[in-house]
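Colleague: Using only what follows, build the 3D model:
(one chain, ligands or ions: 1)
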Amino acid sequence: MNAPATTALVSQLKSTVTDTKATDIRTAFTSDPERFAKYSVTLDDMLFDYSKCAVNEKVLDGLEALAKAAKVAEKRDAMFAGEAINITEGRAVLHTALRNRSNTPVLVDGRDVMPDVNAVLDAMGAFSDGIRSGALTGATGKKITDVVNIGIGGSDLGPVMATLALAPAHDGPRLHFVSNVDGAHIADTLKLLDAETSLFIVASKTFTTIETMTNAATARAFIAEKLGEKAVGKHFCAVSTALDKVAAFGIDSDRIFGFWDWVGGRYSVWSAIGLPLMIAIGKENFGEFLAGAHSIDNHFRTAPLRENIPMLLGLLGFYHRNVLGYPTRAILPYDQRLSRFPAYLQQLDMESNGKGVTLDGTAVEGNSGPVVWGEPGTNGQHAFYQLIHQGTSVIPAEFMIAANGHEPHLRHQHQLLIANCLAQSEALMKGRTLEEAKAQMAAKGQDAAFIERIAPHRVFTGNRPSLTFVYDQMTPFTFGRLIAIYEHRVFVEGALFNINSFDQWGVELGKELATGLLPVVEGKESAEGHDSSTAGLVAALLKAAK
Ligand SMILES: O=P(O)(O)OC[C@H]1O[C@H](O)[C@H](O)[C@@H](O)[C@@H]1O
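Modeller: So this is what the prediction gives:
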C-alpha cells in the first residue's frame, strides 16, 4: 500500500495544478521575470533548469510535502547506511561505496567494505596499467590492441555507453562490446580481431547468464583454435561476484576481478564491471569518473530539497507521471557521444521502477515508472520531435548540453548544437498560437484563403515541459555526476512509488520459458503444452530451418 498521506497529497496536487493553472508555463514566464532564477539550481559548473516544467510555489510545496510523507530522506539515509533495502533479495544497496572517495567506513552486516573495494580497484588499476603499457601481453608476447567485453544488461550497457561518452579520454586499446546471443554479434566482432593481440573480458555478475556464457564459449574456441588451448589464460579475464563459477570456466585467479551482491547489475559501472572503461581511459580518469559520482552522493545526502538536484529531478519525474499523467519521458542529450545514454537510462530506470507492487506486496496506486526513451539531438529533431511538438501526448523532454565541446577548432558547430538545444525547449514551452501562425503567414504575403486553410497545421500548443542540464564539458568527472544524478532520481521516484527499485523479477519468466523452449526449437521435443501461437511459430521456423 502507498501511505494514505501520500495518496491524499497526490490528489491535492492535482487540484493545485488546476486551481493555479500551473500547466500554463508560457504565461508563467511572461508574468514572472524571476522564473528562471527561482526554478533552477547551480552546482559548481552544473546548472539544472526546471523552470520550463509546470511548477509554481504551491506545486513545489505539495511535492515537498509528498517527499516528507513518503519518507524519501529516511529511505535515502537507509540506503547509504547499508540497510538491506532490497527486501525481496535481502540485500543492501551500496553502489555508492564503490565511489566513496572519502574512504569513510561503509558497513555491511557490521563489516567495513571499503578495504575490499579499494583492493579490487588497485588490482584493476595494476591490470589496466599492464595492458595499456604492454607489460601484460598475449600468449605470443604481442601487445594487446583490442579488448572485447562480453556481457549483457548491466554488464554491458554501462561500459559501452561510458566508453563512447568519454572517447576524448580514450588512449588505451580499441574496445569492442559483445552482448547479444545472436551469433551475428560475436561473429562480426571476431572478424575484426587478431587473436594474438586480443583480450576478452567475460563480465557477468552471476556468471550464469546464457548470452554471456554462450558468447564466452565462442570466444574461447576462437583463441584455442588460433593459438592453442594453452594460450587461453593470457587472453581472458573475468569480472563477477561468483568467483567459484569463474574459476570453473578456467580463468586464473589473478585475472578475476570481484564485486559484491550489494551492487545491482544496472548500478555496477562503478565496480570491476568498469574495467574495460578503465583500460580505455586509464585509472586516473576512471578515478575522476568515480569522484564525480561521489560528489553527487554528498550533494544528494546533504543539500536541502529545493537545492537538491536528484531530489528535484525525482519529484518532477513523479509529478509528470502521477499528477499530470504523462506516460513517457524523452532523454535528449545534445552530445553525439552520449548516444547510448538513453539506452543506459532505459535499463536503469525501467528495470528499477517498472514494478506493479509496493514494498508490502499490494498493488501500486496510480503509476510506477514511465517509459524512458531518446536519442541525441540534433538527430532526433529530424525524426521524432514532430510528435513531441504537435502530437496528442505530452512528453516531458530532458535536455543536456555542454558549454564546450572537445573540438575547439569546430567551435562554430558546437554553437549550432547549443542553439538547437535551446531552441527546442523554447519552442516546446512557447508554442505558436493560431493568431501568431496567421500573422507570420500574412507577413510573408500569403493569401487569406491559404492562410485560413493551412494556419491550423502550423499551430503549436506550447506549454510542453522540459528540463535542461548545462555543464562546462563532458569530462570523466561530469559524466560521473550525470549518471549519479539519474541513479538517485530513480531512487527518489522508487521511494515515492513505495516500490523496491532494486530487484528485477520481471525478467525471469521469459528466461524460464526460453530454457524450456530450446529443446523444442532444436526439434528434440514436441511443442505440446505450448499455446497454439507459440507451437505454430515453432513449426514455421523448423520448417524453414536449413
Ligand atoms: O551480469 P549478469 O549476471 O550476467 O546479468 C546481466 C543482466 O541480466 C539480467 O537478466 C538482469 O535483468 C540485468 O539486471 C543484468 O544486468
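Colleague: Need the nearest residue in space to the closest residue to the ligand within the stretch 401-546 of the chain, chain neighbours excluded.
Modeller: In the stretch 401-546 of the chain, the residue that lies nearest the ligand is Val507 (3.9 Å; CB to the nearest ligand atom). C-beta here means a position set from N, CA and C on the backbone, and glycine is covered the same way. Among residues not flanking Val507 along the chain, Glu351 sits closest, at 7.4 Å (CB to CB, 6 or more residues apart in numbering).
Colleague: give the contact list for the residue in the stretch 1-150 of the chain that the ligand sits nearest to.
Modeller: Closest contact between the stretch 1-150 of the chain and the ligand, by CB to the nearest ligand atom, is at Ile150 (9.7 Å). Each residue near Ile150 by CB atoms under 8 Å, 6 or more residues apart in numbering is listed here: Val178, Ser179, Ile186, Phe200, Ile201, Val202, Ala203, Thr212, Asn215, Ala216, Ala219.
Colleague: quick one: contacts for the fifth one?
Modeller: Read that as Ile201. Residues near Ile201 by CB under 8 Å, 6+ apart: Val147, Val148, Asn149, Ile150, Gly151, Phe236, Cys237, Ala238, Val239, Leu275, Pro276.
Colleague: Next: the second one.
Modeller: Shown here is Ser179, whose contacts under the criterion CB under 8 Å, 6+ apart are Ile150, Gly151, Ile152, Gly153, Asp156, Val160, His185, Glu211, Thr212, Asn215.
Colleague: now the first one
Modeller: With contact taken as CB under 8 Å, 6+ apart, Val178 is in contact with Val148, Asn149, Ile150, His185, Ile186, Thr189, Asn215, Ala219.
Colleague: And the third one, its phi and psi?
Modeller: When quoted as degrees, to the nearest 10, the phi and psi of Ile150 stand at phi -110, psi 110.
Colleague: residue contacts, the residue nearest to Leu338 when sequence neighbours are not counted?
Modeller: Excluding the flanking residues, the one nearest Leu338 by CB to CB, 6+ apart is Ala165, at 5.5 Å. Counting by CB under 8 Å, 6+ apart, Ala165 touches Asp335, Arg337, Leu338, Arg340, Phe341, Met474, Phe479.
Colleague: so which of those residues comes closest to the ligand?
Modeller: Arg340 (15.0 Å).
Colleague: How many residues are close by the nearest residue to that closest one once chain neighbours are set aside?
Modeller: Leaving aside its chain neighbours, Arg340 sits nearest to Met161 (3.8 Å; criterion: CB to CB, 6+ apart). A count of nearby residues for Met161, using other CB atoms under 10 Å, gives 25.
Colleague: one step back: can you redo the contacts of Val178 as CSV, where the extra columns are pLDDT?
Modeller: Below are the contacts of Val178 laid out as CSV (pLDDT from 0 to 100):
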residue, pLDDT
Val148, 98
Asn149, 98
Ile150, 98
His185, 98
Ile186, 98
Thr189, 98
Asn215, 98
Ala219, 98
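Colleague: Give me the buried entries from these.
Modeller: Buried members of the contacts of Val178, scored by 16 or more other CB atoms under 10 Å, are Val148, Asn149, Ile150, His185, Ile186, Thr189, Asn215, Ala219.
Colleague: Any chance of TSV for those, columns distance to Leu428?
Modeller: Below are the buried ones among the contacts of Val178 laid out as TSV (distance: CB to CB, whole Å):
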residue	distance to Leu428
Val148	41
Asn149	37
Ile150	41
His185	37
Ile186	42
Thr189	40
Asn215	42
Ala219	46
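Colleague: re the thing from before, list the ones among the contacts of Ile150 that fall in helices.
Modeller: Among the contacts of Ile150, the members falling in helices (DSSP state H) are Ile186, Thr212, Asn215, Ala216, Ala219.
Colleague: From Cys237, how far out is the residue nearest to the last one when sequence neighbours are not counted?
Modeller: Ranked by CB to CB, 6+ apart and with sequence neighbours excluded, the top spatial neighbour of Ala219 is Phe200, at 4.8 Å. Taking CB to CB, to the nearest Å as the measure, Phe200 falls 8 Å from Cys237.
Colleague: what does the protein put close to the ligand?
Modeller: Residues of the chain lying close to the ligand (CB under 6 Å from any ligand atom) are 152-155, 204-206, 209, 212, 265-266, 351, 504, 507.
Colleague: please redo it, this time with the cut-off set to 5 Å
Modeller: Gly153, Gly154, Ser155, Ser204, Lys205, Thr206, Thr209, Gly265, Gln504, Val507 (CB under 5 Å from any ligand atom).
Colleague: Adding pLDDT, write the residues you listed out as TSV.
Modeller: Converted to TSV, the residues of the chain next to the ligand look like this (pLDDT from 0 to 100):
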residue	pLDDT
Gly153	96
Gly154	96
Ser155	97
Ser204	96
Lys205	94
Thr206	93
Thr209	95
Gly265	97
Gln504	97
Val507	94
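Colleague: As a markdown table, those residues with secondary structure, distance to Ala545 and neighbour count would be great.
Modeller: As requested, the residues of the chain next to the ligand are exported to a markdown table (DSSP: H, G, I helix; E, B strand; the rest coil; distance: CB to CB, whole Å; neighbours: other CB atoms under 10 Å):
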| residue | secondary structure | distance to Ala545 | neighbour count |
| --- | --- | --- | --- |
| Gly153 | helix | 29 | 20 |
| Gly154 | helix | 33 | 25 |
| Ser155 | helix | 31 | 29 |
| Ser204 | coil | 29 | 28 |
| Lys205 | coil | 34 | 24 |
| Thr206 | coil | 31 | 14 |
| Thr209 | coil | 25 | 21 |
| Gly265 | helix | 33 | 24 |
| Gln504 | coil | 33 | 21 |
| Val507 | helix | 27 | 10 |
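Colleague: coming back round to it: so the residue of the stretch 401-546 of the chain closest to the ligand makes contact with Gln347?
Modeller: No: applying CB atoms under 8 Å, one finds Val507 not in contact with Gln347, separated by 10.4 Å.
Colleague: Helices along the stretch 151-300 of the chain, start to end?
Modeller: 157-165, 183-190, 210-227, 243-249, 275-281, 283-302 (DSSP state H, counting those that start in this stretch).
Colleague: quick one: contacts for the residue of the stretch 201-350 of the chain found nearest the ligand?
Modeller: In the stretch 201-350 of the chain, the residue that lies nearest the ligand is Gly265 (2.7 Å; CB to the nearest ligand atom). By CB under 8 Å, 6+ apart, the residues touching Gly265 are Gly153, Gly154, Ser155, Lys205, Gln504.
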